[in-house]
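> Got a sequence here, can you build the structure:
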Amino acid sequence: MTFPARSPTPDIDMPRRPPDLRLVPAALAVWAVVLLGIGLGPVAGAAALIGCGALVGVTVVRHRGAVWARAVLAAAGCAAAAALVVVAHTLLVEHHPLRGPAERGAAAELRVVVADDPRPLRGSGFGARPGEASQVLVPAALESAEAGPGAWTAGGRVLLIAPVEGWATLLPGQVATAEGLLAPAGRRDLTVAVLRVRGTPGQVSEPPWWQHAAGSLRAGLRDAAGVLPPAPGGLLPGLSVGDTSLLTEEVEADFRAAGLSHLLAVSGANLAIVAGAVLALLRVLRADPRLAAALSAAAVLGFVVLARPSPSVVRAAAMAAVVLFALAIGRGRSAVPALAAAVLVLLLADPALAVDPGFALSVLATGGLVLLAPGWSAALQRRGVPRWGAEALAVPAAAFVATAPLVAGLSAQVSPVAVVANLLAVPAVAPATVLGVLAAVLSPLGTLPAQVCAWLAGPAVWWLVLVADRSAAVPGAALDWPAGLPGAVLLGLLVLGLLWFGRFPRWRALLLAVALGLALVLVPTRIVPPGWPPPGWAVVACDVGQGDALVLATGRPGWVVLVDAGPDDGPVDACLDRLGVQGIALAVLSHLHADHVGGLAGALRGRAVRGVAVGPVREPGWALREVADTASAAGAPLVALAAGRRLVWPGLTLDVLGPQHPAAFVDGDDGTAVNDGSLVLRARTPAGSVLLTGDVELAAQADLLVSGADLRADVLKMPHHGSRYTSVAFLNAVSPRAVLVSVGAGNRYRHPDPGLVGGLERAGATVRRTDLTGDVAVVGSTADLELVSRGSPLPAPR
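Predicted structure coming up:
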């Protein structure tokens, strides 16, 4: 973004003249009143209205001449208007005709207008491919409804949970008919009801013309990005216009883990970069500031069409318009009043924005652009950075700093790695965004000019992929942080303190020294905690989230046997790195569910592999094909294991005990049948015997009990992440001294079952869960077996 010129200032990172904050109290009061009304209902909104009226009366009667009276009257008046609006909206929601049928779970047919792009709901990690969408969430506005004997025409917000087929491709503005079962809304955000849709949409209307235009330009960008490798080629459309359809699963996971996922959503920063590029060009041509602002506004409008004018994009455009307004009148101080006015108007027009994290992030990002970025840009220019480079660095950095407190409150964690990753990503964001947008705009002129732009963007997106990949590979980088409002306020105060003291060179040096000291102490202990891995470890249960990955040491240093690979590449790769694994003698996949095979490519990457083994159950078919392709790419043969097989390495012996009666045909969508086809292994190690059970459930456990196989073991890997589908008779037959539960924090399956875990502990077994303790190692010998935990478990997914 190009900022208004200022006279030279001392060496500080903030403008000398204070910002104009007169409208800020009114905006904050409106936001607070709307939050109160939506959260507590119309009675709270009415109470706020009465309170605002009383405040206005007292101020007029007793303090009319006070200096602060005008600001109080403005804030109270705006808050009263907001209270009226929110009371009206909450009353309409509470008395909506759909509320009763939704409480009863009635069948209904709704005629709706799609309000935003359908958002995918990813598969559960069983028979579904990793990251595969099984359903979509479709925000919509109600036109008419039929529920039971009633039929009516009424407005209101509804949320559709719909199948992918037919619904995933709908565009905002299209009208469609949906049939299904109603359910109450789960959040207080003015949503009337939820419809669980059955079947494809009916009577679908044509999308608006601008959606057609946007679709053709986006398709041109996707085609142009084909000149790049899959990872950067899939990232370019997502970074430029929010089109993540080509984004690879690995890149998406890396961006999420590195704290860079905000780059994949269109925000005010994207719009500021596009408008800034236009302004920079016009500045070279010495155009009038008002003309430059008008042409930049036209560029923003075009970008909104290109990125598809969904509500989130329109909100981002409104925030970008704030900066353009300040430029048009040539007064940087006017940006804050313009931002406050925009917040007032948007909240009064759509009160549901008050509880939308995306809206709050847009407001904070824009606040960072107008308050922080100009000063930072000027400081960089004084140090010799060209103006265009200084502004390209200042815009994303300011947006990141401004939004960090809210992100911490929402995610309940702070990632120092995210700070470094964002700083490293900053130089590449602006050129990649501008060149990607240019490729889309030029695509109607032919393939060649669009491909040239995409090729020129290649180094920038390649750098972003590299930063995300390396940052995601850093283990234990996320620090737990208080969730919700307390966490956001706490980090906000810390950020404000750092910004204030960072203005002064003496304090800046001290802060830098403290930060380096903390980094030297904390980072090494979190990446490789002292004493990890423990000497003489025999087995390690890797913390890979909701999945399994067990590492068994062989007598050859650096070489292991891996049993399962977890759901994603990153966690298992990091675990093997921490253990110093150089080669895998055999990678055994107990069964082909995604939470056991999804990380295979990460486990094999950069390591010598002697073979990959699967059991007799070869479903789901897609998983077997992907496993075969991954093994082939690593130069490893794919081998089959069955009950009765014995495998021997120095210091390690594996006996295959099951499945005892593998089914001749298994439906890949039948999760229980695939689980019961898991390979069951009994390992003999220097630390004792270990029973590795995959995800076997009750039927397969019963088969093992009647088979006469020796199930006794010193250590038990709990079946199916501690699922309740484990029999007490099976646990008694194993009679373990130690139990490893490989399970993900905050998993929605409520694993492990507390009754089973409590029973094992009462029987004298030591139980360790990866969601609580991180990686767990088995050390010692049969006589003095011990479990050692690494700590720093993976955080729960958000």
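
> for the stretch 1-150 of the chain, what spans make up the strands?
Read by DSSP state E, counting those that start in this stretch, the stretch 1-150 of the chain holds these strands, from start to end of the chain: 107-114, 119-122, 133-147, 150-153.

> which residues of the stretch 201-350 of the chain score low on pLDDT?
In the predicted model, the stretch 201-350 of the chain carries pLDDT under 70 at residues 267-269, 289, 293, 309-312, 315-316, 319-334.

> repeat that with 90
Across the stretch 201-350 of the chain, residues meeting the criterion (pLDDT under 90) sit at 202-219, 222, 226, 229-231, 234, 238-346, 349-350.

> ok so, going back, tell me which of the strands of the stretch 1-150 of the chain lies nearest to V778.
For these, the distance to V778 is smallest for strand 119-122, at 33.0 Å, taking C-beta to C-beta. Yep, even glycine has a C-beta here, placed from its N, CA and C like the rest.

> How about that closest one, which residues are buried there?
Across strand 119-122, burial judged by 16 or more other C-beta atoms under 10 Å covers P120.

> Kindly export it (C-alpha atoms) in CSV.
Taking only C-alpha atoms (Å, rounded to 0.1, in the frame of the first residue of the first chain), the coordinates of strand 119-122 have been written out as CSV:
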residue,chain,number,x,y,z
ARG,A,119,-17.0,-24.6,2.8
PRO,A,120,-15.7,-28.2,2.8
LEU,A,121,-16.1,-30.5,5.8
ARG,A,122,-13.1,-32.8,5.7
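
> chain center to that strand, what's the gap?
Strand 119-122 has its C-alpha centroid displaced from the chain centroid by 12 Å (C-alpha atoms, centre = their mean, to the nearest Å).

> which residues does T59 contact?
Counting by C-beta atoms under 8 Å, 6 or more residues apart in numbering, T59 touches 66, 69, 72-73, 76.

> Go through those and say which is closest to V648.
Distance ranking of the contacts of T59 against V648, using C-beta to C-beta, places A76 first at 81.0 Å.

> That closest one touches V56, doesn't it?
Yes - applying C-beta atoms under 8 Å as the test, A76 and V56 come out as touching, 4.8 Å apart.

> more crowded one of those two?
Regarding A76 and V56, a neighbour count based on other C-beta atoms under 10 Å identifies A76 as having more, with 22 against 17.

> check which helix or strand covers the residue lying closest to D710 once chain neighbours are set aside.
The shortest distance from D710 to any residue other than its chain neighbours is 7.1 Å, reached at R682 (C-beta to C-beta, 6 or more residues apart in numbering). Using DSSP states H and E, the secondary-structure element containing R682 is strand 680-685.

> Within its sheet, name the partner strands of that strand and how each one runs.
With DSSP bridges as the criterion, the sheet partners recorded for strand 680-685 are strand 652-658 (antiparallel), strand 688-692 (antiparallel).

> Tell me which residues are up against that strand.
Among residues not part of strand 680-685, those counted as contacts by C-beta under 8 Å, 6+ apart are 538-539, 552-553, 563, 588, 590, 651-659, 689-694, 696, 700, 704, 709-711, 713, 778.

> List the buried residues in stretch 701-712.
701-705, 709, 711.

> just stretch 444-451 next, same as before
Going by neighbour count (16+ other C-beta under 10 Å), the buried part of stretch 444-451 is 449-451.

> pretty sure D595 is in contact with G547, am I right?
Yes - counting by C-beta under 8 Å, G547 is a contact partner of D595 at 3.7 Å.

> quick one on the thing from earlier: report the beta-bridge partners for the residue nearest to D710.
Taking DSSP bridges, one obtains D655, L691 as the residues bridged to R682.

> any idea how far A585 is from it?
17 Å (C-beta to C-beta, to the nearest Å).

> The two: who's more crowded?
Legend: neighbour count by other C-beta under 10 Å for R682 and A585, higher for R682 (22 against 19).

> Look up how far G233 lies from that one.
To G233, R682 is 46 Å away according to C-beta to C-beta.

> still on that earlier bit, turn the strands of the stretch 1-150 of the chain into JSON lines, columns for distance to G531.
Below are the strands of the stretch 1-150 of the chain laid out as JSON lines (distance: least, C-beta to C-beta, whole Å):
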{"stretch": "strand 107-114", "distance to G531": "55"}
{"stretch": "strand 119-122", "distance to G531": "37"}
{"stretch": "strand 133-147", "distance to G531": "42"}
{"stretch": "strand 150-153", "distance to G531": "67"}
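
> Pipe those strands into TSV and attach mean pLDDT per row.
Formatted as TSV, the entries for those read as follows, by pLDDT from 0 to 100:
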stretch	mean pLDDT
strand 107-114	89
strand 119-122	72
strand 133-147	80
strand 150-153	64
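
> Which one, of those, ends up nearest to W455?
Taking C-beta to C-beta, strand 119-122 is the member of the strands of the stretch 1-150 of the chain nearest to W455, at 29.7 Å.

> Parallel or antiparallel, which strands does the closest one pair with?
The pairing partners recorded for strand 119-122 under DSSP bridges are strand 133-147 (antiparallel).

> List the buried residues for the strand it pairs with?
Residues of strand 133-147 classed as buried by neighbour count (16+ other C-beta under 10 Å): 133, 135-140, 142-143, 145-147.

> Same question for stretch 649-666.
Within stretch 649-666, the residues that qualify as buried by neighbour count (16+ other C-beta under 10 Å) are 649, 652, 654-660, 662, 666.

> for stretch 537-555, same thing?
Burial within stretch 537-555, assessed by neighbour count using 16+ other C-beta under 10 Å, is assigned to 537-554.

> ok, which stretches of the stretch 351-500 of the chain are strands?
So, for the stretch 351-500 of the chain - with DSSP E, counting those that start in this stretch - the strands run 413-414, 479-480.

> Show me what the first one pairs with in its sheet, parallel or antiparallel.
According to DSSP bridges, the neighbouring strands of strand 413-414, each with its direction, are strand 479-480 (antiparallel).

> averaged over its residues, what pLDDT does the partner strand have?
Confidence over strand 479-480, taken as the mean pLDDT, stands at 68.

> What is the burial count for R70?
Applying other C-beta under 10 Å, we find 12 residues neighbouring R70.

> can you check the one 3 residues further on too?
Summarising burial for L73: neighbours were counted as other C-beta under 10 Å, giving 17.

> Spatially nearest residue to L679, not counting backbone neighbours?
Looking at L679 with C-beta to C-beta, 6+ apart, the closest residue is G615, at 4.1 Å.

> which residues touch that neighbour?
When contacts are counted by C-beta under 8 Å, 6+ apart, G615 touches 589-591, 640-642, 659, 662, 677-679.
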